[in-house]
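> Build me a structure from this.
(one chain, ligands or ions: 3)
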Amino acid sequence: MIKTDTISAQNAKYEANLRADYAALGDKLARAGIDIDAVKERAKSFGVAVPSWGTGTGGTRFARFPGEGEPRHIFDKLDDCGVIHSLTQATPSVSLHIPWDKADLGDMLAKAEEHGLKFDAMNSNTFQDQPDQAQSYKFGSLSHNEAATRQQAIEHNLECIEIGDKLGSKALTVWIGDGSNFPGQTHMGRQFERYMGSMKEIYKGLPDDWRIFSEHKIYEPAFYSTVVQDWGTSYLIASELGDKAQCLVDLGHHAPNVNIEMIVSRLIRQGKLGGFHFNDSKYGDDDLDSGTIDPYRLFLVWNELVDAEGTEGLNLSHMIDQSHNVTDPIESLMISAMEIQRAFVQASLVDRKALAGYQDANDALMASATLRAGFRTDVEAIVAMARLETGGAIDPIMTYRASGYRAQVSAVRPKVSGAGGGIV
Ligand code: LRH
Ligand code: MN
Ligand code: MN
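Ligands and ions are numbered 1, 2, ... in the order given. So this is what the prediction gives:
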């Protein structure tokens, strides 16, 4: 845990400058008719879930280079999530991956409560074999051609719902690696029918107040065809399953140059957008820190979300899904949560009435400039003030470094640990 004294001592160093910056930005926004305090309250209302698997160092199929003091199990991961939330005040929940995070549920609830954390969507895992399982997922899971393998994958998903229900989660995200590596290897139609049959069984096991999210990904680990490869298939799945089924958009899971914000807009229109896995990417499912490669795209996604606020039934799960290979995962997750929050705040500044006017007048130049004005506004003083007023750190990274947390946990956590997850 980070001591409140450490946070206060660090904040004292930055507070005077922050207040000056906040006042100056407040004057500037007031000239545009924007009340900075109202925007700050919106910043305070923001929350994104930390992926439990993101707290351990990730890796690639070539290597994994472990970091210092990596979490050994879910309780260490929850401690790290507690640190992230206490400093940023922007990550009030954690998304779990089963079986990586399997442990005593009472102990997990107690640990989460200690840190003021809740559980967002559960993630099932049928893309790996576990040491004790009867059937292998080498040739697929929910779409496997053998009924026994499909049944095992169905039961695993039902178990995830059961565990999540006891932890207060309200959703299950299903992502599978099923597909094929060669043309002709599988019958694409029959494979999809088998997948739908399995998903229908899982859907039947959903409690009334639960949702199931279908997460698509264009390729990897299958390199020729993937069963749930794009948002069209994902939408088809969610539509056929029923009202409790929606789509999850992972920002790294699309073909290059795909207009993700437009997918977001379409899914909202259809009442089928359930949530996000935020991250950033340059080439594929890179799982890089949010907002580090294409911050404008992140802003454009948030622009759609802010624009759609008030849409009936819109209830989104905002989650991060990243892999940290060369940074301290706690630092990457803090920076990422803050970047996502920044994009939300910037999108909140867009003058939507003016934008609509320019759109209606076909004034492309002014429409585009009006949208960009939000992105170009430096809102650091707003998000930092929101953190200060809610007990967080003005500068979470410097405060974390000053706290010596990583060195403290390194003393009790062995260097090479089974920090499950992180490799995908
Ligand atoms: C697949 C994925 C999916 C998994 C996670 C570990 O690439 O995005 O969400 O659950 O990575
Ligand atoms: Mn994902
Ligand atoms: Mn992914």
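> Please count neighbours and contacts with C-alpha atoms only from this point.
Fine.
> So which residues on the stretch 1-150 of the chain come close to ligand 1?
residue 123 (C-alpha under 6 Å from any ligand atom).
> Tell me how many other residues surround the residue of the stretch 1-150 of the chain found nearest ligand 1.
Closest contact between the stretch 1-150 of the chain and ligand 1, by C-alpha to the nearest ligand atom, is at residue 123 (5.7 Å). By other C-alpha atoms under 10 Å, 23 other residues sit near residue 123.
> and stretch 8-28, what's its mean pLDDT?
Averaged across stretch 8-28, the pLDDT comes to 98.
> One more: stretch 101-120?
Rounded mean pLDDT across stretch 101-120 is 98.
> quick one: buried residues of that stretch?
For stretch 101-120, the neighbour count (16 or more other C-alpha atoms under 10 Å) marks 101, 108-109, 111-112, 115, 117-120 as buried.
> Give me the subset of those residues lying in helices.
108-109, 111-112 (DSSP state H).
> Okay, and the beta partners of residue 317?
Counting by DSSP bridges, residue 317 forms beta bridges with residue 275.
> and the gap between it and residue 93?
10 Å (C-alpha to C-alpha, to the nearest Å).
> what do the two both touch?
Taking C-alpha atoms under 8 Å, 6 or more residues apart in numbering as the contact rule, residue 317 and residue 93 both touch 48, 120.
> follow-up on the earlier one: spatially, which two of the buried residues of stretch 101-120 are the most separated?
Greatest spacing in the buried residues of stretch 101-120, by C-alpha to C-alpha: 101 and 115 (17.1 Å).
> coming back round to it: of all the ones in helices among the buried residues of stretch 101-120, which comes closest to residue 139?
residue 108 (33.5 Å).
> where's the nearest residue to the closest one once chain neighbours are set aside, which helix or strand?
Of all residues not flanking residue 108 in the chain, residue 75 sits nearest, at 7.0 Å (C-alpha to C-alpha, 6 or more residues apart in numbering). Using DSSP states H and E, residue 75 falls within helix 74-88.
> how distant is that helix from the center of its chain?
15 Å (C-alpha atoms, centre = their mean, to the nearest Å).
> Show me what that helix is packed up against.
helix 105-114, helix 329-348, helix 396-403 (3 or more C-alpha pairs under 8 Å, 6 or more residues apart in numbering; DSSP states H and E).
> Pick the most deeply packed of the ones you listed.
Stretch with highest mean neighbour count among the helices and strands packed on helix 74-88: helix 329-348 (a mean of 24; mean count of other C-alpha atoms under 10 Å).
> Now do it: distance to the chain's middle.
The answer for helix 329-348 is 11 Å, by C-alpha atoms, centre = their mean.
> Ok, stretch 192-200 next?
Put simply, stretch 192-200 sits 26 Å off its chain's centre (C-alpha atoms, centre = their mean).
> pLDDT value on the residue nearest to residue 322 when sequence neighbours are not counted, please?
Spatial nearest neighbour of residue 322, excluding adjacent residues (C-alpha to C-alpha, 6+ apart): residue 287 at 4.4 Å. pLDDT for residue 287: 98.
> Repeat that for the one 5 residues further on.
Here the pLDDT value assigned to residue 292 is 98.
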